[in-house]
Every structure is written in C-alpha cells, then in structure tokens.
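Task: produce atomic coordinates for the following.
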Amino acid sequence: MSGLAEILHKEGFTVSGSDSRKSPLTNQLEEKGVRIFYGQSASNIIDGIDCVVYTAAVSRDNPELIEAVARKIPMLTRAELLGQLMKNYSTPIAISGTHGKTTTTSMISHILLEGNLDPTISVGGILQAIGGNIRVGNSGTFITEACEYTNSFLDFNPKISVILNIEEDHLDFFKDLEDIRHSFHQFAALLPSDGTLVINTDIQNYEEICQGLHCRTVTYGSAPSSDYSAQNISYDDKGRVSFDLLRKGKQAEHIVLSVTGDHNVSNALSSIAVGELLDIPMDIIQKGLISFSGTDRRFEYKGTLNGTTIVDDYAHHPTEIAATLKAAQHYPHNKLWCVFQPHTYTRTKAFFREFAESLSHADHVVLADIYAARETDTLGISSKDLSNEIRRTGTDSHYFSSFEKIENFLKKNCKPGDLLITMGAGDVVNIGEDLLK
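Numbering: from 1, shown residues only. Below is the predicted model of the structure:
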C-alpha cells in the first residue's frame, strides 16, 4: 500500500492513510507530505476524500471501511487500483506464482535498471537498489508482483505475465489445487493478443494453463525442450550459484548469480526470458543478475554472533522452506539451525506433515508459536504438535512459548561455525536481531 501511495503522491494526488503503528515506510511517506493516521478509526475518513483504497487484509468490521461505506465514498481494492495504474504504462509486467515473486520481480528490476529502461517498480520487499519497495520511473515500463490470494491478480492489466509455479496455498480462500490452477489460467487469459506469457514447464500439465490463449507463450524450466533451461549448475565457496544457459536445448552463455539455491536458477531463467523479450542485450542481463544479491528477508545475512552466522528468510510454505534449507547446504557451516514461526493456523493444519518433512533438512529445529495473522480459530493445532511431528522424522526439534526463551536456548547451544536461519512470514526476524543486539 505504501508503494502505491507514493506513486499517486508523485502523480499529484492528495493522499492520506492509516497504519497500526509508525514504521520506516510510514516515516518515508510523511517526509514526502502524505498524511498518516495511527490506529484505525472512523475519524480518519476526513472530508474531501474522493476514493478509498483498502487491502484484502482489512476486515468488513473495520471502522474506516464502515465509515467510507456510510459516506458512500467510491472504493477500490488495492489490486483494482494496481490494475488501473497498469493501464497508464505501455509495458506492464506482472510476476505471479506461489513462490519466488519478490525475488524474481527484484531480479528483473535489476536487469531493467542496468538496461536504463527507467522502470516504475512495485516490489513486495525492500530492494536495496531502489532504497525501498517502490521506484517511480518516467518510462512506459512498469513491473509488479501479482498475488493470487483472493484472486486479486485478476484485476490486473499486464502485457507480459510470468507464472513461476503453482502449488497449494491460501487454502483459507481456495478450495483446492484445481481451484488455484483455474485462477492462474484466468490470470494468463488476461493477456492481450500482442502480450506474452512466460511460464515454467516444471508446473504439472502447464499446457493446461496455456490452453486457449491468444498471446505468445515463452517457456523455461528444467526440460531442455523449454525455450530457456540450465545445465552444469555449480556453487562457489560462498554458496553463490552459476550455470550454463541453454536456448531451445543449445548451449548459450555461462550465467553467474550473487545468490544461492537451485530455485534461484529457475527465477533467473524467467528473468532472462523477460529481459530478452524487452530486447535487452545479454551482457546487460548478466550485469543486472550479478548485481542482485537478494532482497530483505530472502536468505538475508543479518550478522555473526560468537562465530554463529545469522540469516533471515521469509519462507512460510513447505516448498519454500525445503528450497531455502537445501540452498543453505551450499553455504559454509557446521550445523544448520532453523528457528521457524508457522504462519496461520489454516496453513499449518493443511501442510502439517509437509512442514515436518521440509524442516527436517535442518540439523536442529526450534519452533515459535504460530503467527495468527488474520485468523482467530486455532483449529486445534499448535507449534508443539509440529515439533513432536518433526522429532518423528528423526530431526532434533524444540518448542518454546516465547522469543525470550528461544533466544536463551540458542545462546547456550549454537556453536562457532554454525548457521542459524530465522524463518517465517511473521515477526520471527526479531529473534536474530535481538541476539545480535
């Protein structure tokens, strides 16, 4: 929301808004002249407002939403506003998928910046290259993440769409995987006949998602029959990955990344495909990729404490957890510690066994209480249950009821040369930061 507020403010709109508390993002907006209210109250809906924009996270009983409805002020969801903004650009690019949206949006952003395309960028994390989560450019190129939750990406108007992967998630909204696949097919169908879909051939029956589309389709994935694929994947002594790029099965360039993990090879292939669609020369694409060393909360190095390296990662789905922990194996360490904070009761219940399996890639697992986010019903599930299930896989696992207890346990048990990853979409990052303080 802060990013969209900044775009509108720069375009001459008068913008106000509210948040639960002050943060670097609200400070940044206030410095630019945006009026921010703290706390949610009907009185924040001041006279003179022509339109109210709200996110999927805002509940129907929100006092500001109720007041806006009572005043009959026109309203848009965040996704509807984003979709309308896209219409103002000649090349709107939307990056979708269950995992990897922020990283891939950031990789492509680096390529666009290196190619001097002067893009407008809206990304779901803090990207150092633009000093935040938004950049307002002066060209026709616009890039944003496209989230499937509540089908919000169906309000978008892209010219280039990327589908990175499709898996079960957000089961508090979607019925099942078929329901999710149907939404991604609808998202792909938004593309105009002169648009392009970039899709991962590793998605099961990916052809089904492309069925009946009038736009061009570009493929990437592990199959050499894809338009873009990789071979000879290798890691250096700092865990950074490189690979040989194949175009339609024929060897092309050698690509070097500044990030780790096989999953980032896949993200890079989609980024290369988008770069070439925009006629960016390969040497510029390579420069853009190597300049990208990650975003906030994506395998982010936080510091070292008594010889233990502390990294933070946003992974909160079993597939993401497994990818991050497998990537960590390439990073120099003795023992791998993972402090995990499950995100929502519905997700923990739906993927209970999968969570235990993916977390077993660590040597030691420490669990914090479930981060409820928007939920109130515990569904009879707890982090203690998950810890017991992890132990059944033969992996050392512990549960503590507070961050303070977790921090005390880690101080006593982590050894020099160990790698500690704090992981989850909630506030688990505070554990590593507290230790480093």
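
where's the spatially closest residue to residue 403 that is not a sequence neighbour, which helix or strand?
In space, residue 403 comes closest to residue 431 once its chain neighbours are excluded; the distance is 5.4 Å by CB to CB, 6 or more residues apart in numbering. In short, each C-beta sits where N, CA and C put it, glycine included. In this structure, residue 431 sits in helix 429-436 according to DSSP states H and E.

What residues does the nearest residue in space to residue 384 that is not next to it in sequence make contact with?
Distance criterion CB to CB, 6+ apart; nearest residue to residue 384, sequence neighbours excluded, is residue 399 at 4.7 Å. Applying CB atoms under 8 Å, 6 or more residues apart in numbering to residue 399 gives the contacts 366-367, 383-384, 386-387.

Residue 399 bridge partners, please.
Counting by DSSP bridges, residue 399 is bridged to residue 367.

and what of residue 243?
With DSSP bridges as the rule, residue 243 is bridged to residue 255.

Run the chain-centre distance for the host helix or strand of residue 93.
Residue 93 is part of strand 91-96 when elements are defined by DSSP H and E. From the chain centre to the centre of strand 91-96 is a distance of 14 Å (CA atoms, centre = their mean, to the nearest Å).

Walk me through which strands it pairs with, and which way each runs.
In its sheet, strand 91-96 lies beside strand 141-146 (parallel), strand 160-163 (parallel), with partners assigned from DSSP bridges.

Make JSON lines out of those strands and add distance to residue 7, mean neighbour count and mean pLDDT.
Converted to JSON lines, the strands paired with strand 91-96 look like this (distance: least, CB to CB, whole Å; neighbours: other CB atoms under 10 Å; pLDDT from 0 to 100):
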{"stretch": "strand 141-146", "distance to residue 7": "9", "mean neighbour count": "24", "mean pLDDT": "96"}
{"stretch": "strand 160-163", "distance to residue 7": "19", "mean neighbour count": "26", "mean pLDDT": "98"}
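
Looking at those strands, which is nearest to residue 131?
Closest to residue 131 of the strands paired with strand 91-96, according to CB to CB: strand 141-146, at 16.4 Å.

now that closest one, how far from the centre of its chain.
Mean-position distance between strand 141-146 and its chain equals 13 Å (CA atoms, centre = their mean).

ok, residue 363 - contacts?
Per CB under 8 Å, 6+ apart, neighbours of residue 363: 335-337, 395-396.

Relative to residue 421, how far out is it?
11 Å (CB to CB, to the nearest Å).

Kindly report the same for residue 66.
Residue 66 sits at a distance of 42 Å from residue 421 (criterion: CB to CB).

Equivalent analysis for residue 126, please.
From residue 126 to residue 421 the distance is 19 Å (CB to CB).

Just want to know which of these two has more residues nearby.
Neighbour count, other CB atoms under 10 Å: between residue 126 and residue 421, residue 421 has more, with 28 against 17.

Quick check: that one touching residue 341?
No. When contacts are counted by CB atoms under 8 Å, residue 421 is not listed as touching residue 341 (11.7 Å).

mind checking the backbone torsions on the one residue sitting closest to the centre of the chain?
In the chain, the C-alpha nearest the mean C-alpha coordinate belongs to residue 102, at 3.7 Å (CA atoms, centre = their mean). With angles defined as degrees, to the nearest 10, residue 102 sits at phi -60, psi -50.

pLDDT score for it?
At residue 102, the model reports a pLDDT of 92.

Could you do residue 30 as well?
pLDDT, residue 30: 96.

where does the stretch 51-200 of the chain dip in pLDDT?
Along the stretch 51-200 of the chain, segments meeting pLDDT under 70 are nowhere present.

Residue 298 belongs to a strand?
No. Secondary structure assignment (DSSP: H, G, I helix; E, B strand; the rest coil) places residue 298 in coil, not in a strand.

circling back: can you report how many residues lie near the residue nearest to residue 403?
Around residue 431 there are 23 residues (other CB under 10 Å).

Please apply the same query to residue 70.
With other CB under 10 Å as criterion, residue 70 counts 10.

Now do the same contact list for it.
No contacts exist for residue 70 under CB under 8 Å, 6+ apart.

any idea how far it is from residue 63?
Taking CB to CB, one finds residue 70 at 10 Å from residue 63.

Next one: the residue at the greatest distance from the centre of the chain from residue 73, what distance?
Using CA atoms, centre = their mean, the residue of the chain lying farthest from its centre is residue 47. It sits 36.0 Å away. As judged by CB to CB, residue 47 and residue 73 stand 11 Å apart.
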